[in-house]
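Asker: coords below, sequence missing:
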């Protein structure tokens with residue numbers, strides 16, 4: 001019978017087997033099932049070389065990858081144990097992978113690639129399809145009841161879980177809010193945020209420093225005699241500019257003003273700290289300040305913890321002399337003398353004929369925009385003019401620099417955005433679409449964002465093609481910030497979150513504001529300076545308070561030294 005069965009064609013064999021099974025008892029069917037299932041089940045991943053198995057897994061989107069990790073223990077160990085797999089997953093899903101947290105583990109596990117290589121080297125791996133509705137599953141097999149985070153030893157996977165949860169919290173509006181009454185009757189003119197601190201400056205001459213975790217005020221910096229209109233901090237060094245015409249350098253660890261620079265004869269309207277890039281340009285950290293006196297000044301950035309204190313007024317006018325309070329020629333000469341005697345002062349850049357409204361610098365290249373309708377490009381290594389670019393019909397309010405494409409952009413009261421060549425100084429393209437003042441510009445690797453007084457924002461490609469027009473604000477856009485995923489913008493009426501890739505409005509975070517003066521965000525928090533009911537306060541939106549408690553506790557146990565941060 002068996003020999004005869006072997007001689008039959010496949011279709012006949014299938015028919016005979018089906019008829020036999022129909023006529024079999026339950027016990028016989030159970031026996032057949034127990035014999036067939038193990039024969040058909042095969043762990044193909046475990047039978048392949050590890051390198052090939054990981055290559056196969058790299059083609060899975062995050063949700064499929066997590067489901068695969070609960071198939072069996074060997075798959076879980078394979079998926080959870082490879083750092084490169086999760087590093088690639090972070091790159092493909094648009095997460096920052098070269099971060100200080102993950103870098104602490106690079107020496108603790110073997111990586112099969114060069115950790116300094118760019119994401120372009122991984123372009124052969126496909127991007128996963130996005131499914132925002134599917135939560136990131138826990139790991140472990142069906143019988144493993146231990147919390148997934150405790151079974152994970154791969155720091156890149158833990159990092160991915162944290163970033164994924166944060167992204168979902170932003171998009172879904174899962175947030176904890178707090179309110180800081182900081183400059184209650186004043187306009188907040190400057191705002192800066194990092195993982196440790198929140199820094200705000202206002203027209204009341206004060207600078208407040210808050211702990212980003214506890215939200216307690218750590219310092220109130222007093223010293224300016226007029227409103228603070230510009231500030232930036234790097235680490236624990238803060239630089240501020242004011243209507244009192246001075247630039248001040250502060251040590252945030254002590255709260256002391258260590259250096260006071262004079263020279264400008266009108267309000268310091270904009271400033272930037274320029275750190276050396278990978279080509280060591282500039283050769284030292286610089287401070288650049290633009291003023292309503294139509295000039296720009298360049299100083300070497302002091303190290304408040306190493307360099308001796310310096311006060312330009314004391315050094316040049318004696319300890320009892322006050323800084324200049326008028327703008328006549330005698331005052332101008334005195335201010336110039338004070339600046340020239342300053343050992344930190346490098347250059348005074350002249351040429352604009354009206355207020356310098358905006359600056360942007362990278363390496364040794366500085367771009368300035370002025371109310372004289374001109375955009376100028378300067379060489380910071382020599383303090384000389386490279387290009388004087390004309391074309392705007394009204395005042396220039398904003399500039400950004402694009403070193404990757406060797407170009408810069410400017411926004412003007414003439415309602416246009418212009419793209420300029422840094423090599424030739426020629427206007428490459430004029431971007432139309434706004435109907436009134438383009439007061440704000442922002443640039444990231446793949447997106448140029450413009451915001452105008454016509455209540456709209458526009459998202460452009462860096463080449464100048466309009467990708468999205470963001471409609472929905474009730475008044476002129478007063479502030480915004482963006483990254484490669486999102487835009488947060490503020491105006492009269494409230495604060496909105498947009499998807500930069502689709503132009504879709506995701507959330508209305510604040511809907512009751514008379515005005516939103518400033519907004520700044522980092523990976524976890526968004527801080528907005530709100531004016532409502534005649535009170536100015538900081539609204540702090542914390543997106544790391546949902547779903548991250550266990551992850552952060554575990555992360556803290558392996559990464560953070562046991563000491564308190566001091567200010």
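Answerer: Arrived safely. What you see is a predicted model; the values in this text were computed from it and never measured. Numbering: from 1, shown residues only.
Asker: now do residue 376 against residue 370, distance only.
Answerer: For residue 376, the distance to residue 370 equals 7 Å [C-beta to C-beta, to the nearest Å]. No exception for glycine: its C-beta is placed from N, CA and C like everyone else's.
Asker: who touches both of those two?
Answerer: residue 352 (C-beta atoms under 8 Å, 6 or more residues apart in numbering).
Asker: can you check the pLDDT for residue 107?
Answerer: Note for residue 107: predicted pLDDT of 32.
Asker: then residue 45?
Answerer: For residue 45, the predicted pLDDT is 84.
Asker: wait, a strand at it?
Answerer: No. Under DSSP: H, G, I helix; E, B strand; the rest coil, residue 45 falls outside any strand and is assigned helix.
Asker: burial count for it?
Answerer: Residues lying near residue 45 (other C-beta atoms under 10 Å) number 19.
Asker: that one against residue 77, yeah?
Answerer: No. Counting by C-beta atoms under 8 Å, residue 45 sits too far from residue 77 to count as a contact (10.9 Å).
Asker: just how off-centre is stretch 433-441 within its chain?
Answerer: Here the centre of stretch 433-441 is set off from its chain's centre by 23 Å, with C-alpha atoms, centre = their mean, to the nearest Å.
Asker: return the distance of the residue lying closest to residue 387 once chain neighbours are set aside relative to residue 376.
Answerer: Spatial nearest neighbour of residue 387, chain neighbours left out: residue 425 (3.3 Å); criterion: C-beta to C-beta, 6 or more residues apart in numbering. Separation of residue 425 from residue 376 (C-beta to C-beta): 10 Å.
Asker: higher neighbour count, these two?
Answerer: residue 376 (24 against 15).
Asker: so the nearest residue to residue 205 once chain neighbours are set aside, which of the three states?
Answerer: Closest residue in space to residue 205, ignoring its immediate chain neighbours: residue 224 at 4.5 Å, by C-beta to C-beta, 6+ apart. Per three-state DSSP, the local secondary structure of residue 224 is coil.
Asker: may I ask you to confirm that the residue nearest to residue 387 belongs to a strand?
Answerer: No. Per three-state DSSP, residue 425 lies outside any strand segment and is coil.
Asker: per-residue confidence at it?
Answerer: So, for residue 425, pLDDT stands at 97.
Asker: phi and psi next, for residue 65.
Answerer: phi -60, psi -40 (degrees, to the nearest 10).
Asker: quick check: it vs residue 162, distance?
Answerer: 17 Å.
Asker: cool, and residue 308?
Answerer: The separation that residue 308 has from residue 162, given C-beta to C-beta, amounts to 42 Å.
Asker: these two: who's more crowded?
Answerer: residue 162 (22 against 8).
Asker: as a whole number, average confidence for whichever strand or helix holds that one?
Answerer: Residue 162 belongs to helix 155-172 when assigned by DSSP states H and E. In this model, helix 155-172 has an average pLDDT of 90.
Asker: what sits up against whichever helix or strand comes after that helix?
Answerer: Per DSSP H and E, the first helix or strand lying C-terminal to helix 155-172 is strand 176-180. Strand 176-180 is contacted by residues 198, 210, 215, 217, 537-542, 545-546 when judged by C-beta under 8 Å, 6+ apart.
Asker: quick one: the strands in the stretch 251-400 of the chain?
Answerer: Assigned by DSSP state E, counting those that start in this stretch, the stretch 251-400 of the chain shows strands spanning 256-261, 268-274, 286-291, 296-300, 310-311, 345-349, 356-362, 365-370, 375-379, 384-389, 396-402.
Asker: the third one vs strand 375-379, what angle?
Answerer: Put plainly, it is strand 286-291. 150 degrees (axes from the mean of the first three to the mean of the last three C-alpha atoms, to 10 degrees).
Asker: from the contact counts, what lies against strand 286-291?
Answerer: strand 247-251, strand 268-274, strand 296-300, strand 356-362 (3 or more C-beta pairs under 8 Å, 6 or more residues apart in numbering; DSSP states H and E).
Asker: dump those strands to JSON lines, plus mean pLDDT.
Answerer: Formatted as JSON lines, the helices and strands packed on strand 286-291 follow (pLDDT from 0 to 100):
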{"stretch": "strand 247-251", "mean pLDDT": "97"}
{"stretch": "strand 268-274", "mean pLDDT": "98"}
{"stretch": "strand 296-300", "mean pLDDT": "98"}
{"stretch": "strand 356-362", "mean pLDDT": "98"}
